[in-house]
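Chemist: Here's a sequence, model it:
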Amino acid sequence: MAVWTIEIVNAGGKVRSYALLPAPPDVTLDGASVAVWPAVCAPFDYVEPNAPRAATFSEAVQALFAFPAKVEVERVIKAAFTAPVNPLARDLVTITHMDHEGPSRGFAEKLTAGAAEPGHFAIDTKADFPEGDGVVLGLTKQIDSNEPVPAAVFDARPHVTYQIRPRPVFHLIEGRFVRGKVLDLSTRPGAIIDFTGRERAKATVVQAADGGFSVTYEAI
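Modeler: Below you'll find the predicted structure:
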């Protein structure tokens, strides 16, 4: 399993804060693309000038299922139910019940290996959705936190199977944000960190005094 480190260097003259978000995964439904939004998975608050802050994490992901919920920019999504999945094993996880009360809601306990497309994991929304309630699916990451945190989300439909391919790409933006907050990255300049083809690597992200970002990589 790939292991990556991101080090943040604030080369300006004042304290800055940052947020790390994965690039949205590729999600398809019956071959058609599904709109996916990124969410903050790791905040780095109050980074002092020339005092690097780093986080090391793996490529591991978990499937996310939350309801009632709705994907909106600036809204915070909370990870109601998660299940570890392995895209290399082509895991499929199923939502079997959606009862409002009691334990009969969430993902089925057993995964089905080999049921997703190559490089993907899949979520089967087998259950009926409660009328009027929104359902959010996606993936979580565990970066700089003891708990899986929503990292990419999309609104779901019942009785379909979504194919989800995580990407080894991350965005670092300036600002203070809580974990799970959905953002529109097209309106926020920042650094793009691409670990494609890098099994064990460190990315050093420097924000200069003028606000510009630069990224360098080294093997670890």
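Chemist: Give me the buried positions along stretch 194-209.
Modeler: Residues of stretch 194-209 classed as buried: 195, 198, 201-207 (neighbour count, 16 or more other CB atoms under 10 Å). The way it works is simple: take the backbone N, C-alpha and C, and place the C-beta from them, glycine included.
Chemist: And these, which two are furthest apart?
Modeler: Largest separation among the buried residues of stretch 194-209 by CB to CB: Arg198 and Gln207, giving 21.6 Å.
Chemist: rewinding a little: among the buried residues of stretch 194-209, which one has the lowest pLDDT?
Modeler: Ranked by pLDDT, the buried residues of stretch 194-209 bottom out at Arg198 (94).
Chemist: Do I have it right that that residue meets Ala2?
Modeler: Yes. The criterion here is CB atoms under 8 Å, and Arg198 meets it with Ala2 at 7.3 Å.
Chemist: Give me the common contacts of those two.
Modeler: Common neighbours of Arg198 and Ala2, counting by CB atoms under 8 Å, 6 or more residues apart in numbering, are Pro168.
Chemist: What distance do you get for the most centrally placed residue in the chain to Ala203?
Modeler: Central residue of the chain (CA atoms, centre = their mean): Ala151, 2.2 Å from the mean position. Distance from Ala151 to Ala203, counting by CB to CB, to the nearest Å: 17 Å.
Chemist: Just the element for the spatially closest residue to Pro148 that is not a sequence neighbour, please.
Modeler: Nearest residue to Pro148, sequence neighbours excluded (CB to CB, 6 or more residues apart in numbering): Thr140, at 3.7 Å. Here Thr140 sits within strand 136-141, counting by DSSP states H and E.
Chemist: now could you export just the CA positions of the helix or strand following that strand as PDB?
Modeler: As assigned by DSSP H and E, the chain's next helix or strand after strand 136-141 is strand 149-155. Listed in PDB are the C-alpha atoms of strand 149-155, where the atom choice follows Å, rounded to 0.1, in the frame of the first residue of the first chain:
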ATOM      1  CA  VAL A 149     -13.300  12.100   7.600                       C
ATOM      2  CA  PRO A 150     -15.500  12.800   4.600                       C
ATOM      3  CA  ALA A 151     -13.200  13.600   1.700                       C
ATOM      4  CA  ALA A 152     -15.400  13.400  -1.400                       C
ATOM      5  CA  VAL A 153     -19.200  13.300  -1.600                       C
ATOM      6  CA  PHE A 154     -22.100  13.000  -4.100                       C
ATOM      7  CA  ASP A 155     -25.900  12.800  -3.900                       C
END
